[in-house]
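Enquirer: Any chance you could fold what I've pasted below:
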Amino acid sequence: MNPWNETHIPDLSGRIAVVTGANTGLGFETARALAEHGATVVLACRDTDRAAAAADRIARTAPDAAIDIQALDLAALGSIRLAAEAIRGRYAHIDLLINNAGVTGLSGTTADGFEIQFGINHLGHFALTGLLLERLLSAPAARVVTVSSIGHRFGRIRPEAPAESSGNAYAKSKLANLLFTHELDRRLAHTPASALAAHPGGASTEVFRYSPAVFRLPNLAIARLFGRTPAMGALPTLRAATDPKAVGGQYFGPCGLFEIQGYPEVVKASAHAHDRERQRGLWEASEALTGVRFGEVISSRGR
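Expert: Predicted structure coming up:
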């Protein structure tokens, strides 16, 4: 059997996909592939000029693609609320939400006072998902795909204080992505929607652009050594989003050496990512910090 690649993506005509951080790297390649297979794609980006340039690039390979642009700053809850309101106003349903945007190496806090990597990588996407949930549940079989990292294995989250700033902030945020995915999928169990996760392996993208050279350069060298282009790095996300056989709670990543290279398959997350106490604790803390609650929407739209 041929390894899973973009040729396996089914026809996505009529599907609406929202991709965060879609102007570059993994997000761009994800948006491009979805558009080339017929989906209407919303490029949800902080920099709308770069998003417009990305839309132009997609149009070169998919001239008939339907591309929309939405300003979204995941470091500001106000921006997230405005973006979600605008998207809800334009679309009656959303079939795919790709929580792709991410940063590493940044220090400081978001506009709302959260540690910036945890705030953007986890809390921003948590809030966006909750604010778009009604539209996701209006689709026949929506999927929420959140992009994590091999680095989640180095993350630690205390069940009694899940939002506490400590240790490796990037790894913690990537562990949070998986805890969120598993808890969300469990809560969506009686709805038409599901939640999945993916990681790109070692892909040469801009996610390391704010990292110190001592960290950034070795990662980029590894990615290039193993030929992990952004297009290859996007394949696990695309499989989680489009493979008809994929099911909620699955985690896709490269199947090769140390999950750095290879084509996408279901991979295992760390034991911490499967800890239900941590999942529930993080969920409750995230609702309290963002003010976004999923419960009423889920209960009103369950099967």
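
Enquirer: roughly how far out does the helix or strand where residue 31 lies sit from the chain middle?
Expert: Using DSSP states H and E, residue 31 sits in helix 25-36. Distance of helix 25-36 from its chain centroid, counting by C-alpha atoms, centre = their mean, to the nearest Å, is 13 Å.

Enquirer: other SSEs contacting the helix of greatest length in the chain?
Expert: Determined from DSSP state H, the single longest helix within the chain is helix 169-187. Helices and strands touching helix 169-187, by 3 or more C-beta pairs under 8 Å, 6 or more residues apart in numbering; DSSP states H and E, are helix 116-118, helix 125-136, strand 143-147, strand 194-198, helix 276-290. C-beta coordinates here come from the backbone N, C-alpha and C atoms, glycine included.

Enquirer: Nearest to residue 297, out of these?
Expert: Nearest to residue 297, of all the helices and strands packed on helix 169-187, is helix 125-136, at 4.7 Å by C-beta to C-beta.

Enquirer: Make sure residue 67 is indeed in a strand.
Expert: Yes - assessed with DSSP: H, G, I helix; E, B strand; the rest coil, residue 67 lies in a strand.

Enquirer: Going forward, the N-terminal residue is numbered 845.
Expert: Got it, first residue is 845 now, which makes that one residue 911.

Enquirer: Around it, count how many other residues there are.
Expert: 21 (other C-beta atoms under 10 Å).

Enquirer: can you check residue 1097 too?
Expert: 28.

Enquirer: in its sheet, what does the helix or strand containing it sit against?
Expert: Residue 1097 belongs to strand 1095-1098 when assigned by DSSP H and E. Taking DSSP bridges as the criterion, strand 1095-1098 forms sheet pairs with strand 1038-1042 (parallel), strand 1108-1110 (antiparallel).

Enquirer: Figure out which of those is closest to residue 1026.
Expert: strand 1038-1042 (7.7 Å).

Enquirer: And residue 1003, how far from residue 961?
Expert: 20 Å (C-beta to C-beta, to the nearest Å).

Enquirer: ok, those two, which is more surrounded?
Expert: residue 961 (26 against 14).
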